[in-house]
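In: I would like to see how this sequence folds:
(chains A and B)
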There are 2 protein chains.
Amino acid sequence: MGSDQTSATTRSAEPVYRRIADAMRARIESGELAQGDQLPPIRALAADLGVNRDTVSLAYDALRTEGLVEGEVGRGTFVRASVRAEPMAATARLQLAEAAETLLRFEGARPRLAGGQDLVALHTLVPEPALYPASAFRRALNKVLDETGPELLMYGGARGDPGLRAVLAARLRADRIGVSPDEVVLCHGASQGISLALRLFAGSGDAIAVEVPTYGGVLSTLTALGLRAEPVTMQSDGDGGRAPDLDEVDRTLARPDVKAFYTIPTFHNPLGTTTPLEHRRRLLALAARHGKPLIEDAFAMDLRYEGQPVPSLAALDESGLVVQLCSFSKSLFPGARAGAVIARGRAVEALTALKRATDLSDSMPLQAALAEFVSNGAYDRHLVKLRRELRLRRDALLEALEHHMPEGTAWTRPEGGYQLWVDLPDDPFDFDTRDLLADAARAGVTFQPGAAFLPEGGPSRGLRLTVAQADAAAIECGVEALGRALRARFAQDPTARQAAAVQL
Amino acid sequence: MGSDQTSATTRSAEPVYRRIADAMRARIESGELAQGDQLPPIRALAADLGVNRDTVSLAYDALRTEGLVEGEVGRGTFVRASVRAEPMAATARLQLAEAAETLLRFEGARPRLAGGQDLVALHTLVPEPALYPASAFRRALNKVLDETGPELLMYGGARGDPGLRAVLAARLRADRIGVSPDEVVLCHGASQGISLALRLFAGSGDAIAVEVPTYGGVLSTLTALGLRAEPVTMQSDGDGGRAPDLDEVDRTLARPDVKAFYTIPTFHNPLGTTTPLEHRRRLLALAARHGKPLIEDAFAMDLRYEGQPVPSLAALDESGLVVQLCSFSKSLFPGARAGAVIARGRAVEALTALKRATDLSDSMPLQAALAEFVSNGAYDRHLVKLRRELRLRRDALLEALEHHMPEGTAWTRPEGGYQLWVDLPDDPFDFDTRDLLADAARAGVTFQPGAAFLPEGGPSRGLRLTVAQADAAAIECGVEALGRALRARFAQDPTARQAAAVQL
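Out: Numbers count the residues shown, from 1 in each chain, chains lettered A, B, ... in the order given. Modelled structure (predicted):
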C-alpha cells in the first residue's frame, strides 16, 4: 500500500479499520485501482499490516457500503464501476440529495459488528423472541379482526387507532402525564416518532442538542434530515449516575440555531442511567427560559424493575415544553411497530399533518390488536414476567463484570431496561473500543462500541452491553470472554499495535 | 363584518369559504374578536352574506384547523387563546419549523368535504371494505405467524421482508421490469414511498416537477419537506387522453433547482388517463438528456380491466433513471400498508438508509402475510373479481354521466383504476368546483373538487369522481344528484352569487 502515508503516520482519532478503508479509497479514487481490479485478499493484507483479518474485513465492508467495491466473502473484493469510470451510465449520473449523500457516508463510517451464530450477543437492544407474548397477541389480533371485520383494513386516521390512543392516554395519566387521546399521535415505532418530532421543530441547517453519548439512531435521523447534532456532555455524578451538564444545556439552548434538546432521561441509551428529579426540574426551567422544546425519548417505558419511579419530563411539564416519545418495541416487541408522540396544542396539529404527509396512516389491525392486548390485561401480565427476567439478567451482568473486568473498569447500574455502559480503564496508549470488536468476536462475544453513540464517531473507551438476547448463563460466558479479550489486548505491546497504522 | 373590504371587493381566485375565513381571521388578528368571543352563528352569517350555511361551515372548519377558533357543531364557535393573547404560555411560544407551519397553512386551505352517512361517496380513492378479501388474508397472516413463530415480531431489515421483496420482484419482472429483490425497498404504502423518493433527490428549497393536476398527497408531502412544486401542464390530446406537455418538461428539467419529475403515467390520479407508449419513450429521452430522475407513481398497479397494457416507465428505462413506487393499497386494501420503491444502484443504498433513518423497519407479519397471500394465488384470484367489479362500476359511471351531465361537460374514460375526471362547461362567470361541494352534499353526493389537485389550490372547473365506495346503482343515484346540483347552480343568477363576495 504505502500510497497514503501522510494521513496514517500520525495516530489519528480514526480506528484502524477506518484508516485501512481510507487508504484503499484513496487508491481507488486516484485510479491506482481501476474498475474490476481485485483488492488484496483479506488474509494477505491482514498479514502484511499485522492486523486481524476481521479488521480488514470491516474496512472492506465500509467500502462496500459506500458502493466503491463489491464481492462476496471468500470470493474476492473488486472495485465497482465508479462515477468517473463510467460516464455514460445515467444511473451513476443521477444526483442524490445532499442529505442522502451525507447519510450514506455517515452510515458507511458507523462501526460494523462482526456478528455470528456462536457469539453471545451483548450488543443489541432488540429483545429476543423467546420473551414475546406472541400467542396472546395473536389472540388479540384475531379477536379484533373478528369483531371489526374488513373495515379494520382501511386507512386509519393520521393519529392512529382511537382505541390505542385512549388506552395509552389512560396509562400516561396513571403516570401523572395529563394527556388526552387527542394529544397522542401514534406512529411507526419511537423511531418514526423521532423523525416526526425533529421535523416539527427543525429544518435543514438547524441544530438539535443531543446528549453525548446518545442513541445512534437519532444521529442517523438527524443526518438524513440535514440537521446538525449539538453535543451536550453527560456528566458523571461520581456515583454511577449521569445526567446532561446543565450549564452546557443552558449555553446550547441559548443559540438561535439550536431548536430543541433530544434527551433520554430514564434508562438512558446507551448509559442505562436515570436522571434525578431535581435535575429534571432544573432542565425544564432552562427549557422554559429559552422557550425551546425538550424531546423526551421514553423508549424504555414500563421497564423499571427496581427503585422508585422518577416522574417523566412530560409529567413535570406545566407549560407544554415537552414532546414525549413512547414505544412498545422494548416493553413488548418491535414487530407491532407501535410508538407514539405526545404533544400539546398546535404541536399536535402539526405532528398530525406531518404524519399524514409522510405515510397517511399506520396499520390499524396491529394498533387495534395492541389496544385489546393492553385493555384485557395481557400487557401488564407480560410486564411482570419481563421485568423479573430483566432483573435476573442485570444481576448476572453486574456480577460477571465484577468477576471478569480488568481493574479500573467502571460501569453503570441500571434500574430498568436492557443496557448498561462500561468505561474501560485508562491505558498508556490511545484506545478505541471499535478496535476491540474483532478480538471480542474471536473470544465469543459482541458488544456495541462507544463510537456508535457519538456524533463525531469516536474514538471512545466506552462500550454498551445489553441483556436483550442473552440469559443469565450466556451473560456470564459473554462477559468472561470480553474480559479475556480485553486483558489480552491490554497485555499487548503498544508499539506493536501501532505498527499497522504506520505501515498504512 | 365589512372590516376587510379591500381583499374581497375584487373577485379573487379564492373560493367563497376561503374569503369568509380570511375576513374572520383578520378580525381575530386585529383584536376585534378577542379570546373567548363567539363568532357569528353559522345560520345568521350565512343569511347575512347570502351564502349557503355549508360555505360558512367550511370557513369555520378552516379556522379551526389553523387553531384560531374552537367549538363543536351546534354549540357555537369561539376564538381560542392566541399567541398574543397569552404570552405566558410556553406552549404557544414554541416555535415550529417553517415547513411545519407552512404545512399547517397548506392543509388549512385544502378543500374540506362535507361528508355524511347518507351521501353517495364519489370523492374517495379508498376502496370499500366489501371489496377486501379479508378472510383469505387473515388465513395467510395466521399461517405465517404459525410457521415463523415469534421471530416474525422482531424488527425486519430496513428493506423489508425478503419473501415479499422476492414475490414483488418476480411480478415486476413479468411486467418487463428487470429488477432483483435487492432493488425493492418495501415501505409504508406508496405514500411513504413518495416521501422517501423525494428526499432521495431533493433537499429544502429544491423543486420537484409535478403534473397539473396531480395527486394531492404529493403536494402535502412536498410542503412538509420544504420542497416546491414546479407545475407541468397535463395536455389534452382532444380525444379524452392527457399527458404531460413535453416541452414544459424539457424546460422545467433544464432548471438546476428542479431535481426530479413526479409522474403518474398509468391511471393518472386524478385524471384516470394513461399516457401512450411513444410519449413515455420521449419522456425518458428528456430525462436522460437532463440527467434527472423520473419518480413513477404506479399506485394503481394490477388494476387494468380493459385495453392493452402500456409498459411502465420503469420497464422502458434502460439507464436507471426511473424510481418506481408500487402499492397494494388500491389493488388489495390500504391496511396492509404495503408499498415499495424500486430503484437501482446507489439510489437503492440511499433509499435503504433513508428508510432506516425514518422508522427502522416495517411490520414483518403484515409483509410476510402478503407474500403468502400473493404466492398462494389468492391475490390474483382477488384481482380477477376486483377488475370485473371496477369495470362494471366504470361503465355505470360513464353511462350516468351521459344521462345527467349538462351539455358541454367532458370527462375521461379510464381503462383501469377507480377514478375519472370531469371538466364542467364554460360559463359566463368564474366558477370553482369547491363552491359546488355544499350544493352537491345537499343533493346527496360527494366529489373531490379540482382545486385539491392543484399546487396553487385553484380555482378549477374540474372535479374527480371515483367508483371506490359506490356500486353501479349508487353511482347512478350519485351522478343524477350531481347533475341536479350542477344545473341548479348554472341556472342561478351570477350577480346574486357574487353578492357574498362584495359584502365581505
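
In: count the neighbours of A:Arg288 for me.
Out: Residue A:288: Ala, not Arg. Using other Cβ atoms under 10 Å in any protein chain shown, A:Ala288 is surrounded by 16 other residues. In short, each C-beta sits where N, CA and C put it, glycine included.

In: need the residues of the stretch 401-504 of chain A near chain B, please.
Out: Selection of the stretch 401-504 of chain A residues close to chain B by Cβ under 8 Å from any Cβ of the partner chain yields an empty set.

In: for the stretch 401-504 of chain A, which segments count as helices?
Out: Here the stretch 401-504 of chain A has its helices, by DSSP state H, counting those that start in this stretch, at A:437-443, A:472-491, A:494-503.

In: and the stretch 51-200 of chain A, by the same measure?
Out: Using DSSP H, counting those that start in this stretch, helices in the stretch 51-200 of chain A cover A:53-65, A:90-93, A:98-109, A:134-148, A:162-174, A:189-201.

In: among these, which comes closest to A:Lys385?
Out: The closest of the helices of the stretch 51-200 of chain A to A:Lys385 is helix A:134-148. By Cβ to Cβ, the value is 11.3 Å.

In: what is the burial count for A:Arg75?
Out: 7.

In: and what of A:Val384?
Out: 10.

In: and the gap between it and A:Gly31?
Out: Distance, A:Val384 to A:Gly31, by Cβ to Cβ, to the nearest Å: 63 Å.

In: just the helices of the stretch 401-504 of chain A: most buried one?
Out: helix A:437-443 (a mean of 22; mean count of other Cβ atoms under 10 Å in any protein chain shown).

In: from the contact counts, what lies against that helix?
Out: With contacts defined as 3 or more Cβ pairs under 8 Å, 6 or more residues apart in numbering or on different chains; DSSP states H and E, helix A:437-443 has these neighbours: helix A:53-65, helix A:472-491.

In: worst average pLDDT in those helices?
Out: For the helices and strands packed on helix A:437-443, the bottom mean pLDDT is recorded on helix A:53-65, which sits at a mean of 76.

In: remind me, longest strand of chain A?
Out: Using DSSP state E, we find that the single longest strand of chain A is strand A:228-236.

In: quick one: strands adjacent to that strand?
Out: strand A:207-212 (parallel), strand A:242-244 (antiparallel) (DSSP bridges).

In: how about the ones you listed in TSV, adding mean pLDDT and mean neighbour count?
Out: Formatted as TSV, the strands paired with strand A:228-236 follow (pLDDT from 0 to 100; neighbours: other Cβ atoms under 10 Å in any protein chain shown):
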stretch	mean pLDDT	mean neighbour count
strand A:207-212	98	24
strand A:242-244	97	24
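
In: output the ones you listed as CSV; include the columns distance to A:Leu200.
Out: CSV is the format used below for the strands paired with strand A:228-236 (distance: least, Cβ to Cβ, whole Å):
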stretch, distance to A:Leu200
strand A:207-212, 11
strand A:242-244, 21
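
In: run a quick neighbour tally on the nearest residue to A:Gln235 once chain neighbours are set aside.
Out: Counting by Cβ to Cβ, 6 or more residues apart in numbering or on different chains, A:Asp245 is the residue found nearest to A:Gln235 once chain neighbours are left out, at 4.5 Å. For A:Asp245, the count of nearby residues is 16 (other Cβ under 10 Å).

In: A:Arg64 contacts A:Glu70, doesn't it?
Out: Yes. With contact defined as Cβ atoms under 8 Å, A:Arg64 reaches A:Glu70; the gap is 6.6 Å.

In: so where does A:Phe373 fall, helix or strand?
Out: helix A:364-375 (DSSP states H and E).

In: angle of that helix against helix B:364-375?
Out: Counting by axes from the mean of the first three to the mean of the last three Cα atoms, to 10 degrees, helix A:364-375 lies at 140 degrees to helix B:364-375.

In: is helix A:364-375 up against chain B anywhere?
Out: Yes. Applying Cβ under 8 Å from any Cβ, one finds helix A:364-375 touching chain B at A:Met364, A:Pro365, A:Leu366.

In: give me whichever of the helices of the stretch 51-200 of chain A is most buried.
Out: helix A:189-201 (a mean of 27).

In: angle of it against helix B:98-109?
Out: 90 degrees.

In: near chain B at all, helix A:189-201?
Out: Yes. Counting by Cβ under 8 Å from any Cβ, chain B is contacted by helix A:189-201 at A:Gly189, A:Ser191, A:Gln192, A:Ser195, A:Arg199, A:Leu200, A:Phe201.

In: pull the most distant pair out of those residues.
Out: Every pair of those checked by Cβ to Cβ; the farthest is A:Gly189 and A:Phe201, at 19.6 Å.

In: next, the contact list for A:Ile342, please.
Out: Shown in contact with A:Ile342 (Cβ atoms under 8 Å, 6 or more residues apart in numbering or on different chains): A:Leu172, A:Ile177, A:Val179, A:Glu183, A:Val184, A:Val185, A:Ala314, A:Val323, A:Gln324, A:Leu325, A:Cys326.

In: include distance to A:Phe333 and pLDDT when you put those residues into JSON lines, please.
Out: Putting the contacts of A:Ile342 into JSON lines (distance: Cβ to Cβ, whole Å; pLDDT from 0 to 100) gives the following:
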{"residue": "A:Leu172", "distance to A:Phe333": "21", "pLDDT": "94"}
{"residue": "A:Ile177", "distance to A:Phe333": "24", "pLDDT": "87"}
{"residue": "A:Val179", "distance to A:Phe333": "24", "pLDDT": "91"}
{"residue": "A:Glu183", "distance to A:Phe333": "26", "pLDDT": "95"}
{"residue": "A:Val184", "distance to A:Phe333": "20", "pLDDT": "97"}
{"residue": "A:Val185", "distance to A:Phe333": "21", "pLDDT": "97"}
{"residue": "A:Ala314", "distance to A:Phe333": "24", "pLDDT": "96"}
{"residue": "A:Val323", "distance to A:Phe333": "25", "pLDDT": "97"}
{"residue": "A:Gln324", "distance to A:Phe333": "21", "pLDDT": "97"}
{"residue": "A:Leu325", "distance to A:Phe333": "18", "pLDDT": "98"}
{"residue": "A:Cys326", "distance to A:Phe333": "15", "pLDDT": "97"}
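
In: strands - which of those land there?
Out: Members of those lying in strands (criterion: DSSP E): A:Val184, A:Val185, A:Val323, A:Gln324, A:Leu325, A:Cys326.

In: neighbour-wise, which of the residues you listed leads?
Out: Result: A:Val323 is most packed of the ones in strands among the contacts of A:Ile342 (other Cβ under 10 Å), 30 neighbours.

In: contacts only, for the residue lying closest to it once chain neighbours are set aside.
Out: Excluding its sequence neighbours, the residue lying closest to A:Val323 (Cβ to Cβ, 6+ apart) is A:Ala343, at 4.7 Å. When contacts are counted by Cβ under 8 Å, 6+ apart, A:Ala343 is found next to A:Glu183, A:Val185, A:Ala197, A:Leu200, A:Gly320, A:Val323, A:Gln324, A:Leu351.
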